[in-house]
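# Everything below, folded, please.
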Amino acid sequence: MPRPADNKTERYQIRIPPSEKAMIARAAALSHKDMADFILDKIVPAAQAVIDAAEVTKVSDRDFKRILDLLEHPPKPNARLKAAIAALPDTL
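Numbers count the residues shown, from 1 in each chain. Okay, the predicted model is just below:
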């Protein structure tokens, strides 16, 4: 099923071996899609998964509650933290 013409905003070219192109074309045809739609349907979710893995941190409910508690009730600074803060340059 072709995409509407107004959906095309950028062009990207890649070089692939003829055997892989034929395989992609066959899979696209079996899916009743053109090659571009087939490739985008597969690559966009994969790209989002990579981004999520790199940028999203998942924690358990228990850990999330602990984080919230620490944000709402931070511990008092100890001697090591006070020393680290004192060692910082004044330009920060």
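# neighbouring contacts of the worst-scoring helix or strand of the chain on mean pLDDT?
When the helices and strands of the chain are scored by mean pLDDT, DSSP states H and E, helix 79-87 comes last with a mean of 93. Outside of helix 79-87, the residues that reach it under the criterion Cβ atoms under 8 Å, 6 or more residues apart in numbering are Pro77. For the C-beta atoms, the positions are set from N, CA and C on the backbone; glycine is no exception.
# Now for Asp63: which residues touch it?
Not one residue lies near Asp63 by Cβ under 8 Å, 6+ apart.
# and it, which of the three is it?
Taken by DSSP: H, G, I helix; E, B strand; the rest coil, the conformation at Asp63 corresponds to helix.
# State the distance from it to Glu55.
Separation of Asp63 from Glu55 (Cβ to Cβ, to the nearest Å): 18 Å.
# Please apply the same query to Gln13.
The separation that Gln13 has from Glu55, given Cβ to Cβ, amounts to 28 Å.
# The two: which has the busier surroundings?
With neighbours defined as other Cβ atoms under 10 Å, Gln13 and Glu55 compare such that Glu55 has more, 7 against 4.
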